[in-house]
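Asks: dropping the sequence and predicted coords here.
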Amino acid sequence: MSDPFVLGGISLTSRLFIGTGKYSRNTLIPEVVASSGSQVITVALRRVDPQSQENIMNHIPSQMTLLPNTSGARTAEEAVRIARLAKAAGLGNWVKIEVISDQKYLLPDNSETIRATEILAAEGFVVLPYMSPDLSAALRMKAAGAAAIMPLGAPIGSNRGLKTKEMLRILISEVDLPIIVDAGIGRPSEAAEAMEMGASAVLLNTAIATARDPLLMAEAFREAVSSGRKAYLAGLGPVEEAAVHSSPLTGFLN
């Protein structure tokens, strides 16, 4: 089945984006890439150190599309500075905007994120803003030039699943941009559900990195995302309030 996902001028066959944090060893990263089939990987600029043997870039396969993130930014200005530094360091022009001032729940600041999106989109970046699900904010991010919207499913790193499910449905329905569910997904079944709802892709890290067997979990998520997408394309059957028989109930005994 040919079902490419075109984002930022790149045609992707995988709708599973992955991260680089929390692995027990960085050498797992290329193995997870292979098991997951992912083509997009996000990395925090603060983990890129060309002078160090532990430079995270040494472990990312060259065929991957890099999605630098602005982790650590608390304001739009800080996010813009990090994005520009990432581009200057040769990490490309894609950027995942993360602006987080709340240090307890790590919830994104939508207003600062909108400001950063507008600035960076005007500079030619492919901007993917990470946001708290809110229709008005998502539409403003679209108007600001976002290439996709990345609403959270639950607080980042929590593995709590799709706690914002109803808001995600609204964004998928009303925002004419790809919706990439980011953060909180803990189980392959939750990734499949997000894709069944019509999400264009999912991004996850903790669920794979903290699994007992990260490689097997990466494979499970690969299959779940693919199955969820197929279910969406196939068209889910209607949900009924009452029972509906699947065979005729009359005429059999006559």
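Replies: Right, received. Where do you want to start? Numbers count the residues shown, from 1 in each chain.

Asks: run through the helices of the stretch 101-250 of the chain in chain order.
Replies: 110-122, 135-144, 165-174, 188-197, 206-209, 214-234 (DSSP state H, counting those that start in this stretch).

Asks: what residues sit buried inside stretch 64-82?
Replies: 64-71, 73-74, 76, 79-80, 82 (16 or more other Cβ atoms under 10 Å). (Each C-beta comes from the backbone N, C-alpha and C, glycine too.)

Asks: how about stretch 94-111?
Replies: 94-100, 106-110.

Asks: tell me the two of the residues you listed that are most distant?
Replies: Trp94 and Leu107 (23.0 Å; Cβ to Cβ).

Asks: now intersect the buried residues of stretch 94-111 with the strands, please.
Replies: 94-97 (DSSP state E).

Asks: distance check, Glu77 against Asn110.
Replies: In this structure, Glu77 and Asn110 are 16 Å apart, going by Cβ to Cβ, to the nearest Å.

Asks: cool, and Lys87?
Replies: Distance from Lys87 to Asn110, by Cβ to Cβ: 24 Å.

Asks: next, count neighbours for Gly235.
Replies: 7 (other Cβ atoms under 10 Å).

Asks: hmm, I was thinking of Ala191
Replies: 32.

Asks: now do the same for it: its pLDDT.
Replies: Note for Ala191: predicted pLDDT of 96.

Asks: shaky segments in the stretch 101-250 of the chain?
Replies: Applying pLDDT under 70 to the stretch 101-250 of the chain flags residues 248-250.

Asks: among the buried residues of stretch 64-82, which lie within helices?
Replies: Members of the buried residues of stretch 64-82 lying in helices (criterion: DSSP state H): 76, 79-80, 82.

Asks: return the residues in contact with the closest residue to Ala89 other than its chain neighbours.
Replies: Leaving aside its sequence neighbours, Ala89 sits nearest to Val48 (Cβ to Cβ, 6 or more residues apart in numbering; 6.3 Å). Contacts for Val48 (Cβ atoms under 8 Å, 6 or more residues apart in numbering) come out as 55-57, 86, 89, 91.

Asks: equivalent analysis for Pro155, please.
Replies: Per Cβ under 8 Å, 6+ apart, neighbours of Pro155: 105-107, 183-184.

Asks: many thanks, I have nothing further to ask.
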